[in-house]
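> The following block contains a protein sequence and its predicted model.
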Protein chains: 2
Amino acid sequence: MAKLSGKALVAQGGGPTAVINQSLVGVVLEARKFPEITKVYGARHGVRGILNEDFIDLTQATTHNLEEVACTPASALGSTRDKPDEEYCRKMFKIMLAHEIRYFFYIGGNDSSDTCRIVNEQAKAANYELRTIHVPKTIDNDLVGTDHCPGFGSAGKFVAQAFAGANQDNRALPGVYIAVVMGRHAGFLTAASVFARKYPADGPHLIYLPERAFNPERFIHDVQTVYDKHGRCIIAVSEGISGPDGQPVMTTLKPSAEKDAHGNVQLSGTGALGDLLADLIKAKTKIKRVRADTLGYLQRSFLGCVSATDASEAREVGEKAVQYAAWHNVDGSVAIRRVGDYAVEYDLLKLTDVAAKTKHMADEYINPAGNDVTEAFKNYARPLVGELPDIGRIAAPAVHKIKGE
Amino acid sequence: MAKLSGKALVAQGGGPTAVINQSLVGVVLEARKFPEITKVYGARHGVRGILNEDFIDLTQATTHNLEEVACTPASALGSTRDKPDEEYCRKMFKIMLAHEIRYFFYIGGNDSSDTCRIVNEQAKAANYELRTIHVPKTIDNDLVGTDHCPGFGSAGKFVAQAFAGANQDNRALPGVYIAVVMGRHAGFLTAASVFARKYPADGPHLIYLPERAFNPERFIHDVQTVYDKHGRCIIAVSEGISGPDGQPVMTTLKPSAEKDAHGNVQLSGTGALGDLLADLIKAKTKIKRVRADTLGYLQRSFLGCVSATDASEAREVGEKAVQYAAWHNVDGSVAIRRVGDYAVEYDLLKLTDVAAKTKHMADEYINPAGNDVTEAFKNYARPLVGELPDIGRIAAPAVHKIKGE
């Protein structure tokens, strides 16, 4: 089989992660090893950068610079929420043809994998030989076919460290503490809050996921029960929690909510859901101290919170993408397969098997009451999130009371 | 001078910090060295624990356990918002007398230093010999007399790392990003966001502090100017920003806001201020993508974000507190004096010089327009916040356009 000679183009789409630049650098450094890949271009701001012919020549970036970028959170090439249709893709091809681009690597999540599928179909229809490889990333961990997604582990580590600290804070000044976690349709990231628990009675005491219909009455009952037992209650809530009708609690709250090009309602970048739930607890219980945080963009971009496993795998999916394209002359989506405890291998899936599909948490990961996760989930996610900084609790005996009791 | 023989009692008050347990452990380990200090008790949940005779015997905690606790965020003994009056203090003395407590160390901020002052005055009035030492902590950095406060550096590091990541995120997906930072009366913590800037045009582009009256029209003008220049805008806003009348913007928004025993309005634990400002920008400009985060409790309790300098100094103020009490037979508030670039020594201030007073940012730390900080502030705060993880930006040339212009 003749080697396909031409330039490689890499781009990043969708929401950034803490390790998405590891994948970028994996693609660039690996692609620079292949003689048939004449140059490595980066498109600025995803597919929009292709449409605008807005390229930079990554062949000329130093390895030192790239390694520095690899450790930097959020898409270094810039991102986009654009979702190309046929017309959009036709224009992209003209640009790609003009630049002799023969390898296209798109790093992104569900929406970006769908973009890859459309681009790939358009390329075939236009009889243009183009390797299109989707490089997975998403903090939501909701791509099908792969064991997990690069980006999830680091975001999960951030969430776990946030709840571990909040748990200490809430022990010091007891009350109800709610933190809203990103995750539109899948609860993996919210579920990662479970790793904040070290000692018995540590929070989060309740975990609400988009996979289970949210019932306000049941919620209040849960909170009261925990509060009565522990004198405090920490709650992890996914931003995507929905009622029995499938409508996000956020939408029922704010019917005029903003939508993006993919028709997604804006769930992040507002504290509204947390405040709504806090107000609900204040209205329906006698608990006085109720606080709500929304972890917000820090979950995907906070500087200095990376899972080592996540960083390595993010790098490797980038490298593997190039190897598949150059050696195997195929298109597809790179996937991670768990082969041990803990070890992985990489696969290439068909784009049509991944594009625009959403993986949800398995039933075995959620407790029957729908307000917590199981040991099975912890076994699944622990190697991805990795080790947290250790914490300690004072171990000292109570002093006998002399005056009162 | 005869050595005062009896037990030591340590407690923690007010909002937790990431290093408040360093001070606790500093007190405990140092106090255990003095033979005249017969036991070291910890009161659970601050002065309330004294009132309730709720003590644990820290003499029996292992050094290993204490060192583990030192690295754990948030008050390990528990905290309180109680503000003792004379009656409250009278009851506390009865308990202290019964337990032969002669050394009282209270780790806290403005309100806690005032508690120390009252306790000390009550002790004198009751002719009860008691060493009362206030050990400073506050993420707000607003205690008078001291160069800075333990807790601030680590919270500042968290804020800087949050903005450094948010800046990358916002470069990838441009728009307006607001993050609300803790700080009721003093803007130091919000100002620490400045350390997120590495490259020219990095955010935060605008910094609003409680020290300057907030003007919505001026705010909108600032945001529009930055957005026109950079195509994006990152804004750091203190939760305590107030109008020309001195009323917090939060209060005008939510007149029914909750108050604590000190009469402080609840500013944290809600996303309301961020959402208000985002809505204001959406209403008054044509900018479409506007997002607001509220950094919330993570600023003071996130696990795994500590300034090394801050941790060392927090430990030392605890140790010094015991030394002052045992060797110098005095009462007061431990202060940090900057004696070099960067080096510190410790002082003991009179309780009455510190209690319930608030330090604001010096005029020289704020730019004339009141929407940014100065080099003088950076020189002041940089050694406290310490080094951030490094980030990199791709250095590669643009590719010449073939198709377009």
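Right, received. Where do you want to start? Owing to the predicted nature of the structure, the values given are computational and were not obtained by experimental measurement.
> Mind jotting down where the helices sit in the stretch 151-300 of chain A?
Per DSSP state H, counting those that start in this stretch, the stretch 151-300 of chain A carries helices over the ranges A:152-172, A:188-191, A:216-230, A:249-253, A:272-284, A:298-301.
> Tell me which residues touch A:Arg315, please.
Neighbour list for A:Arg315: A:19, A:22-23, A:25-26, A:70 [criterion: CB atoms under 8 Å, 6 or more residues apart in numbering or on different chains]. All C-beta spots, glycine's among them, are computed from the backbone N, C-alpha and C.
> Quick check: phi and psi on whatever residue of the stretch 51-200 of chain A ends up closest to chain B?
Using CB to the nearest CB, the closest approach of the stretch 51-200 of chain A to chain B is made by A:Glu68 at 2.8 Å. Main-chain dihedrals, A:Glu68, degrees, to the nearest 10: phi -70, psi -40.
> Which residue comes closest to it once chain neighbours are left out?
The shortest distance from A:Glu68 to any non-neighbouring residue, by CB to CB, 6 or more residues apart in numbering or on different chains, is to B:Gly392 (2.8 Å).
> any idea which of the helices of the stretch 151-300 of chain A is most buried?
Between these, helix A:188-191 has the highest mean count of neighbours, a mean of 30, where neighbours are mean count of other CB atoms under 10 Å in any protein chain shown.
> ok, and what's touching it?
Against helix A:188-191 from outside (CB under 8 Å, 6+ apart): A:139-142, A:152, A:155-156, A:159, A:181-183, A:207-209, A:236-238, A:299, A:361, A:365, A:373, A:377, A:381.
> Tell me which of those residues fall in strands.
A:181, A:207-208, A:236-238 (DSSP state E).
> Quickly name whichever of these is closest to chain B.
Once CB to the nearest CB is applied, the member of these that ends up nearest chain B is A:Val181, at 12.3 Å.
> Check what pLDDT the closest one gets.
If you check A:Val181, the pLDDT there is 97.
> That one and A:Thr190, how far apart?
Going from A:Val181 to A:Thr190 by CB to CB, to the nearest Å gives 4 Å.
> circling back: hey, least reliable of the helices of the stretch 151-300 of chain A by pLDDT?
The weakest mean pLDDT among these belongs to helix A:249-253, with a mean of 75.
> That one packs against which elements?
helix A:272-284 (3 or more CB pairs under 8 Å, 6 or more residues apart in numbering or on different chains; DSSP states H and E).
> what residues does the helix it packs on touch?
Against helix A:272-284 from outside (CB under 8 Å, 6+ apart): A:176, A:178-180, A:216, A:219-220, A:223, A:235, A:237, A:239, A:241, A:249-250, A:253-254, A:267, A:287, A:290-294, B:269-272, B:275.
> Measure how that helix sits relative to helix B:272-284, angle-wise.
130 degrees (axes from the mean of the first three to the mean of the last three CA atoms, to 10 degrees).
> burial of the nearest residue to A:Ile133 once chain neighbours are set aside, as a residue count?
Of all residues not flanking A:Ile133 in the chain, A:Ala321 sits nearest, at 4.3 Å (CB to CB, 6+ apart). Using other CB atoms under 10 Å in any protein chain shown, A:Ala321 has 31 other residues around it.
> surely A:Ala321 meets A:Tyr106?
No: applying CB atoms under 8 Å, one finds A:Ala321 not in contact with A:Tyr106, separated by 9.3 Å.
> who touches both of the two?
With CB under 8 Å, 6+ apart as the test, A:Ala321 and A:Tyr106 both reach A:133, A:135.
> In space, what's closest to A:Gly386 - neighbours in sequence excluded?
Nearest non-adjacent residue to A:Gly386, counting by CB to CB, 6+ apart: A:Ser307, 4.2 Å away.
> and that neighbour, what does it touch?
Counting by CB under 8 Å, 6+ apart, A:Ser307 has contacts A:153-154, A:156-157, A:384-386.
> what's the spacing between it and chain B?
12 Å (CB to the nearest CB, to the nearest Å).
> how close does that residue get to A:Arg197?
18 Å.
> Equivalent analysis for A:Gln247, please.
Counting by CB to CB, the separation of A:Gln247 from A:Arg197 is 31 Å.
> and if you look at A:Glu239?
From A:Glu239 to A:Arg197 the distance is 22 Å (CB to CB).
> The two: who's more crowded?
Neighbour tally, A:Glu239 and A:Arg197, criterion other CB under 10 Å: the higher count belongs to A:Glu239, 25 against 18.
> That one: what's it in contact with?
Neighbours of A:Glu239 in contact, by CB under 8 Å, 6+ apart: A:180-184, A:250, A:267-268, A:273, A:294.
> Kindly recompute the last result at 10 Å.
Counting by CB atoms under 10 Å, 6 or more residues apart in numbering or on different chains, A:Glu239 makes contact with A:180-184, A:189-190, A:210, A:248-250, A:266-268, A:270, A:272-274, A:294-296.
> What's the local residue count around A:Glu87?
9.
> That one in helix, strand or coil?
Under DSSP: H, G, I helix; E, B strand; the rest coil, A:Glu87 falls in the helix class.
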